[in-house]
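**Q** My questions are about this predicted structure, shown below with the sequence.
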Amino acid sequence: MTDLPRRAVTRTAKLASLPLAFAGRTALGFGKRVGGRPAEIVAAEMQARTAEQLFRVLGELKGGAMKFGQALSIFEAAMPEELAGPYRATLTKLQDAAPPMPTATVHKVLAAELGPQWRRRFKEFDETPAAAASIGQVHRAVWKDGRQVAVKVQYPGAGDALISDFTQVARVGRVAAGWIPGLDIKPILDELKARIVEELNYTLEAESQTQFADAFRDDPVFVVPEVVIATPHLIVSEWLEGVALSKLIATGTPQERNLGARRYLEFLLAGPARAGLLHADPHPGNYRLTPDGRFGILDFGAVKRLPDGMPPEIGRLLTLALQNDADGVVAGLREEGFIKASIDIDGRALLDYLAPFLEPARHTTWTFSRAWMRELFAHVNDVRRPQWSLGLKLNLPPEYLLIHRVWLGGIGVLCQIEGEVPVLEVLAEWLPDFDVASLDYIEWVDDEGEPVEP
């Protein structure tokens, strides 16, 4: 069967080659440093070689390996420009494309899920997949009532392949840390693995999609396709036209980038506020700018259930940080479990450490950029800074783990889009308990430049 490249020896050998090759490069790099070459040059060479092999191997595989690669690919904005350039096209392809499964296999899945007379459900069915991803592929079709639909078909054996891949990919964690300075990939990988059962259940995904669709039905800004029918391994939903954010990143105009970036940030917050769900798969292939100017959302396999919306503690802590209330920030972080009782932290030093992350919210508009994200990662990884060790003292409570991953990934996508966003306006509208009116450093003006109240 050729549905997935899952032959155990081949897949394991490909994945296992990553940490082994990285160890070899580490030894080589150490030798070069001992030989007198500058550490910065050696580190850059090692990161370049590591990234090249990492994405080449992950790009050849589906299943868990490719999903892990997608999670990493949204962080390409953190790579130095001289390294990111050669990989950008490959990463975009990895985000929303994969080799298709054979037509005969697609037919078998359709027959198993919809019955042997499955063709009677459709007026037309395009045998060539319109998109392919980590655990399934999408075909365009016309439903029996004339609606244009997307037919999402899960790869046979995807579950076994995903579990096997995650076991192997766990060994690549230190490789990822090598090519993205300052990124701790282990909790991201653990969280992805914990949710794989949910992502494999298309019936559960369809329920989440329906919950989003109900919340945004007839919305003038956002659009979620309606589910037509769903089974454990198949989802048929209305077709959504539009330009994917991954394409906009490559060729979008400044106006398209600004709109895409704003809508993307808005939806990350609007989902929990209106649907009680956080869309937890932030890569750009899941979002569209539609012909009617709305922002379309796809792929609801990974979500976090937030029936009461985003935790209001996030808005309160952000407000305190922007007010430079060091004692209030430390107390709030302790209460939420981000600082353990046994850990002593200087509040002023903590605010200095967090300052670059807060910068977008210190301006009425902010352009997220690759250069800014590289500065963030350099800041986190700069051992020469007195505050460097503060990051090691902060804890991440389990209830915030997925929120943290989505926001970190979302910032990565925003920096790929490189659009200008009215950050404070978006936060004020959608983030609970964010008190924008209390920020006295902001001068609010209207379109004519006249002062206004927030």
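**A** On my side now, so go ahead. Numbering: from 1, shown residues only.

**Q** Just the buried residues of stretch 408-419, please?
**A** Under the neighbour-count criterion of 16 or more other CB atoms under 10 Å, stretch 408-419 has 409, 410, 411, 412, 413, 414, 415, 416, 417, 418, 419 buried. Yep, even glycine has a C-beta here, placed from its N, CA and C like the rest.

**Q** would you list the residues you listed in a markdown table and tack on secondary structure, pLDDT and distance to residue 372?
**A** As requested, the buried residues of stretch 408-419 are arranged in a markdown table below (DSSP: H, G, I helix; E, B strand; the rest coil; pLDDT from 0 to 100; distance: CB to CB, whole Å):
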| residue | secondary structure | pLDDT | distance to residue 372 |
| --- | --- | --- | --- |
| 409 | helix | 86 | 16 |
| 410 | helix | 92 | 14 |
| 411 | helix | 92 | 9 |
| 412 | helix | 88 | 11 |
| 413 | helix | 92 | 13 |
| 414 | helix | 95 | 10 |
| 415 | helix | 93 | 7 |
| 416 | helix | 91 | 12 |
| 417 | helix | 95 | 12 |
| 418 | coil | 95 | 9 |
| 419 | coil | 95 | 12 |
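
**Q** Among these, which one sits closest to residue 222?
**A** When the buried residues of stretch 408-419 are ranked by distance to residue 222 (CB to CB), residue 410 comes first, at 15.6 Å.

**Q** how close does that closest one sit to residue 404?
**A** 11 Å (CB to CB, to the nearest Å).

**Q** got it, and residue 257?
**A** 26 Å.

**Q** Looking at the two, which is more packed in?
**A** With neighbours defined as other CB atoms under 10 Å, residue 257 and residue 404 compare such that residue 257 has more, 21 against 14.

**Q** Look up phi and psi at the more buried one.
**A** Backbone torsions of residue 257, given as degrees, to the nearest 10, read phi -60, psi -40.

**Q** Just confirm it contacts residue 415, I think it does.
**A** No. Residue 257 is beyond contact range of residue 415, at 11.4 Å (criterion: CB atoms under 8 Å).

**Q** Any stretches of the stretch 201-350 of the chain with poor pLDDT?
**A** Within the stretch 201-350 of the chain, not a single segment meets pLDDT under 70.

**Q** which residues in it form strands?
**A** 222-223, 227-231, 234-238, 243-244, 277-279, 287-289, 295-297, 303-305 (DSSP state E, counting those that start in this stretch).

**Q** now these in a markdown table, with distance to residue 201 and mean neighbour count?
**A** As requested, these are arranged in a markdown table below (distance: least, CB to CB, whole Å; neighbours: other CB atoms under 10 Å):
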| stretch | distance to residue 201 | mean neighbour count |
| --- | --- | --- |
| strand 222-223 | 24 | 20 |
| strand 227-231 | 10 | 18 |
| strand 234-238 | 11 | 23 |
| strand 243-244 | 25 | 19 |
| strand 277-279 | 16 | 22 |
| strand 287-289 | 23 | 23 |
| strand 295-297 | 19 | 24 |
| strand 303-305 | 12 | 20 |
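
**Q** would JSON lines of the ones you listed with distance to residue 423 be doable?
**A** Output for these, formatted as JSON lines (distance: least, CB to CB, whole Å):
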{"stretch": "strand 222-223", "distance to residue 423": "19"}
{"stretch": "strand 227-231", "distance to residue 423": "33"}
{"stretch": "strand 234-238", "distance to residue 423": "32"}
{"stretch": "strand 243-244", "distance to residue 423": "23"}
{"stretch": "strand 277-279", "distance to residue 423": "19"}
{"stretch": "strand 287-289", "distance to residue 423": "18"}
{"stretch": "strand 295-297", "distance to residue 423": "17"}
{"stretch": "strand 303-305", "distance to residue 423": "22"}
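
**Q** Figure out which of those strands is closest to residue 398.
**A** strand 303-305 (11.5 Å).

**Q** Show me what the closest one is in contact with.
**A** For strand 303-305, contacts defined as CB atoms under 8 Å, 6 or more residues apart in numbering pick out 208, 276, 277, 278, 279, 280, 402, 403, 406.

**Q** Please repeat the previous calculation with a cut-off of 10 Å.
**A** For strand 303-305, the external contacting residues (CB atoms under 10 Å, 6 or more residues apart in numbering) are 191, 195, 198-199, 204-205, 207-209, 211-212, 271-272, 275-281, 399-403, 405-406.

**Q** now swap in stretch 341-350 and tell me
**A** Stretch 341-350 has contacts (CB under 10 Å, 6+ apart) with 321, 324-331, 333-334, 338-339, 352-353, 385-387, 389-395.

**Q** run the last query once more with 8 Å
**A** Defining contact as CB under 8 Å, 6+ apart, one finds that stretch 341-350 is touched by 326, 327, 329, 330, 334, 339, 386, 387, 390, 393, 395.

**Q** What of stretch 333-340?
**A** The contact list for stretch 333-340 (CB under 8 Å, 6+ apart) reads 313, 317, 330, 341, 345, 393, 394, 395, 396, 397, 400.

**Q** Try it again at 6 Å.
**A** 313, 345, 394, 395, 397 (CB atoms under 6 Å, 6 or more residues apart in numbering).

**Q** For that stretch, buried residues please.
**A** 333, 336, 338, 339.

**Q** Out of the strands of the stretch 201-350 of the chain, which gets nearest to residue 431?
**A** For the strands of the stretch 201-350 of the chain, proximity to residue 431 was assessed by CB to CB; strand 277-279 is nearest, at 12.6 Å.

**Q** Give me the buried entries from the contacts of stretch 333-340.
**A** 313, 345.

**Q** list the buried ones in the host helix or strand of residue 149?
**A** Using DSSP states H and E, residue 149 sits in strand 148-154. By neighbour count on 16+ other CB under 10 Å, the buried set for strand 148-154 is 149, 150, 151, 152, 153, 154.

**Q** can I assume the second one is in contact with residue 238?
**A** No. Taking CB atoms under 6 Å as the contact criterion, residue 150 and residue 238 are not neighbours in contact, 7.4 Å apart.

**Q** ok, residue 379 - how many residues close by?
**A** For residue 379, the count of nearby residues is 19 (other CB under 10 Å).

**Q** Run through the residues that contact it.
**A** Listed by CB under 6 Å, 6+ apart, the contact partners of residue 379 are residue 356.

**Q** re earlier: so which of the contacts of stretch 341-350 is the closest to residue 435?
**A** residue 329 (14.1 Å).

**Q** what's around the closest one, how many residues?
**A** Burial of residue 329 is recorded as 26 neighbouring residues (other CB under 10 Å).
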